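A.B. asks: give me the fold of what follows.
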Amino acid sequence: MARIPTADGYELHAEAHGDGIPVLLSCGLCNTSENWRPQVEPFVRAGLRLVLWDYRGHGRSDAPDDPEAYGIDRVVDDLGRVLDWASPDRPAVVGGLSFGGLASLHLALSRPERVRALLLVDTGPGFKNPAAQSRWEAMVERTASFVETRGMRAFVEGRASETTVGLHPERPAARAAADAIAAQTPHGVAHFARRVAGPAPPVIDELGGIQAPALIVVGEKDDAYLRAAEVMESRLPDARRVTIAGAGHLVNLDEPEAFDRVVIDFVRGLPAS
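C.D. replies: Numbers count the residues shown, from 1 in each chain. From the prediction side, this is the model:
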């Protein structure tokens, strides 16, 4: 594990497991690196180097009090710094779930030489339509207000359960993820929601310029992202889409064996760099 310094004086939690092809995964809004814990053992066994981290305001990373410390450019820079720490001499497979996928797309556009391939999990390229963007920001504001007034434990154990720990909250991995989410500071998550995830600019018009191979994974029951997965597959020059049966938004927790198999096969099949 490591503490990675940011450009503006904060520190990020990061960890790397194993050797081989580096795979850096980012979590969704409100979630932590613990959401990816089930992938550590199978990825390492498959000969991969799995890199996990927490956004500013999340998990074990610093949660600045100042709202001005949060912004999409800062978060993408944070992601790049974690990548440079974990894989300084070669590009990595970069990906994530939900907001983590959008952040990975922003990194691929700003630093294409560092991205060997993309892993886009139950995510989308942002909203080009102003009405859709307004609805998204309103939903994010409801999330921010909820965690500020009722706390993180109420959030993860209430209506947000399916989008934070998946369809099977009774499983040990889901319970561990829930505990890590509940331990976060509400102000950090709320600032991140309002200043980063909500207003994050879309990249749909830039997808055609991304040359890295992309694997798009979506849960069969994740209705909110099925169409987004189709759009990304049609617009990215080198993309393949896989739908995981029986899974919802947290596909890696709902159906971990199927998810691991698809991702490991994709990474192993990449052309030599």
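A.B. asks: need phi/psi at the spatially most central residue of the chain.
C.D. replies: The structure's the chain has its C-alpha centroid closest to Gly100; by Cα atoms, centre = their mean the separation is 2.3 Å. Per-residue torsions, Gly100: phi -60, psi -30 (degrees, to the nearest 10).
A.B. asks: surely Glu257 is within a helix?
C.D. replies: Yes: looking at Glu257 with DSSP: H, G, I helix; E, B strand; the rest coil, it is inside a helix.
A.B. asks: what residues are up against it?
C.D. replies: The contact partners of Glu257, by Cβ atoms under 8 Å, 6 or more residues apart in numbering, come to none. All C-beta spots, glycine's among them, are computed from the backbone N, C-alpha and C.
A.B. asks: make it 10 Å
C.D. replies: By Cβ atoms under 10 Å, 6 or more residues apart in numbering, Glu257 lies in contact with Pro38, Pro42.
A.B. asks: now it: how far from Ala193?
C.D. replies: Using Cβ to Cβ, to the nearest Å, Glu257 is found at 32 Å from Ala193.
A.B. asks: go on, Pro201?
C.D. replies: Remark: distance between Pro201 and Ala193 (Cβ to Cβ) = 16 Å.
A.B. asks: where in the stretch 101-250 of the chain is pLDDT low?
C.D. replies: The stretch 101-250 of the chain contains residues with pLDDT under 70 at 159.
A.B. asks: and the helices in this structure?
C.D. replies: For the chain, the helices defined by DSSP state H occupy 37-45, 72-86, 99-110, 130-150, 152-157, 161-164, 172-182, 186-192, 223-235, 251-254, 256-268.
A.B. asks: can I get the fifth one in PDB, CA atoms only?
C.D. replies: Think helix 152-157. The C-alpha coordinates for helix 152-157 follow below in PDB (Å, rounded to 0.1, in the frame of the first residue of the first chain):
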ATOM      1  CA  MET A 152     -23.000   6.900   5.000                       C
ATOM      2  CA  ARG A 153     -24.400   3.900   6.800                       C
ATOM      3  CA  ALA A 154     -28.000   4.800   6.100                       C
ATOM      4  CA  PHE A 155     -27.000   5.400   2.500                       C
ATOM      5  CA  VAL A 156     -25.400   2.100   1.800                       C
ATOM      6  CA  GLU A 157     -28.000   0.100   3.700                       C
END
